[in-house]
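Visitor: Next input, structure requested:
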Amino acid sequence: MDMLRAQVCAPPAGRLCEGPVWDSRTAELLWVDIRAGQMHRAALAGDPPDLVQQATITLDPPLSAVLPTASGPVLAALGDNIFRVADDGTRTLLATLPLPRVGVRLNDAKVDPRGRLLAGTVAEDRVPGSAALYRLDADGALTALLTGVTISNGLGWSPDGRTLYYADSATFRVDAIDYDLETGTLGARRKFVSFDDGEPDGLTVDSDGCVWTAVWGAGEVRAFDPGGRPRATVAVGPSQVSSCTFAGPDLDILVITTAAEGDAAGEPGAGCLFACTPGAIGLPATPFADPRPAPADGR
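Guide: Residues are numbered from 1 along each chain as shown. The predicted structure is shown next:
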């Protein structure tokens, strides 16, 4: 098993950095600071890789995820709403989730290989079973895919798109779920890997089908082959490792977000972004599909 170490990359630290995604059209990394309601953009440069800040937009916290769209603006998960956000911060509401009570918010979100959004929720007080996973289609249709979860996290698809890797962090495991690419529906669910020293958080899948999972509380990212066997461990440093993605023109740089929540705020590097080159290649992120315009004759 490979043992790797990530290094801090600029810019300055945030409080709860999450949701890194590489936008290949702009050659920029996107990520959020949930508590600050900030969406960041940065380019990668240098060896070892460093992030060069390009822009920051401040929206209403909590801002849990930003993702590219086919039309150019980003998709943003804000509280219980999903917006399309232009570069100047102008928002267009796409959907409001039917959250069960105050204190539940959107959490991790990813776009599936066909351009549909999967977005999960979390209760800030972690009441068991109070969260869910939803699918938002390009036409605005919203569907609950999973209910009765606690911390919806860790979304990623196998290279063929037929398996969804999913973490309900409170279960201390990542599951593999059969995924119907034609309909965006879930099938059989089974345990992929489990953890006894931390909670699986955000994850990404490489072109060989290996699953790279941020382990909150353990200060590491861990990679597993498609059979669930350990492949690599990336030592990060601060304990609250929140998510990871492959970035750069060749998708060969693993960028890792961390947090500085509670007692972890005093840890060296807490809230910073980290990077390493692990010898794997990531899968390109699919942008959210925009609604197709109606034909001129109305058909």
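Visitor: C-alpha from now on. contacts and neighbour counts both.
Guide: Noted.
Visitor: So residue 256 sits against residue 270, correct?
Guide: No - the criterion here is C-alpha atoms under 8 Å, and residue 256 misses it with residue 270 at 11.6 Å.
Visitor: Between the two, point out the one with more neighbours.
Guide: residue 256 (31 against 27; other C-alpha atoms under 10 Å).
Visitor: what's that one in contact with, if anything?
Guide: Taking C-alpha atoms under 8 Å, 6 or more residues apart in numbering, we find residue 256 in contact with 20, 214, 241, 242, 243, 244, 245, 273, 274, 275.
Visitor: tell me the contacts of residue 2?
Guide: When contacts are counted by C-alpha under 8 Å, 6+ apart, residue 2 is found next to 231, 232, 233.
Visitor: let's see 10 Å
Guide: For residue 2, the contacting residues are 222, 223, 230, 231, 232, 233, 234, 278, 279, taking C-alpha atoms under 10 Å, 6 or more residues apart in numbering as the criterion.
Visitor: Relative to residue 121, how far out is it?
Guide: Applying C-alpha to C-alpha, to the nearest Å, the value for residue 2 to residue 121 is 33 Å.
Visitor: follow-up on the earlier one: which neighbours do residue 256 and residue 270 have in common?
Guide: Any residue near both residue 256 and residue 270 by C-alpha under 10 Å, 6+ apart counts here, and that gives 8, 17, 236, 241.
Visitor: Can you redo those as TSV, where the extra columns are pLDDT?
Guide: What follows is those, written out as TSV (pLDDT from 0 to 100):
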residue	pLDDT
8	96
17	97
236	98
241	98
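Visitor: Out of these, give me the one that has the most neighbours.
Guide: Ranked by neighbour count (other C-alpha under 10 Å), the shared contacts of residue 256 and residue 270 have residue 241 at the top, with 36 neighbours.
Visitor: check which helix or strand covers that one.
Guide: With elements delineated by DSSP states H and E, residue 241 resides in strand 241-247, which encompasses its position.
Visitor: Tell me how many other residues crowd residue 201.
Guide: Using other C-alpha under 10 Å, residue 201 is surrounded by 31 other residues.
Visitor: who touches it in this structure?
Guide: With C-alpha under 10 Å, 6+ apart, residue 201 has these contacts: 18, 108, 151-155, 166-170, 172-174, 213-217, 221, 240-244.
Visitor: which ones among those residues are found in helices?
Guide: Using DSSP state H, no member of those sits in helices.
Visitor: Give me the next element, helix or strand, following the helix-or-strand element of the chain with minimal mean pLDDT.
Guide: Here the helix or strand of the chain ranked lowest by mean pLDDT, DSSP states H and E is strand 50-58, holding a mean of 89. For strand 50-58, the succeeding helix or strand toward the C-terminus, using DSSP H and E, is strand 63-68.
Visitor: average model confidence for that following strand?
Guide: Rounded to a whole number, the mean pLDDT of strand 63-68 is 97.
Visitor: who does it touch, helix- and strand-wise?
Guide: Counting contacts by 3 or more C-alpha pairs under 10 Å, 6 or more residues apart in numbering; DSSP states H and E, strand 63-68 packs against strand 17-23, strand 28-33, strand 38-45, strand 74-78, strand 81-85, strand 104-111, strand 117-123.
Visitor: Mean neighbour count, the ones you listed: which tops it?
Guide: Comparing the helices and strands packed on strand 63-68 by mean neighbour count (mean count of other C-alpha atoms under 10 Å), strand 17-23 comes out on top with a mean of 27.
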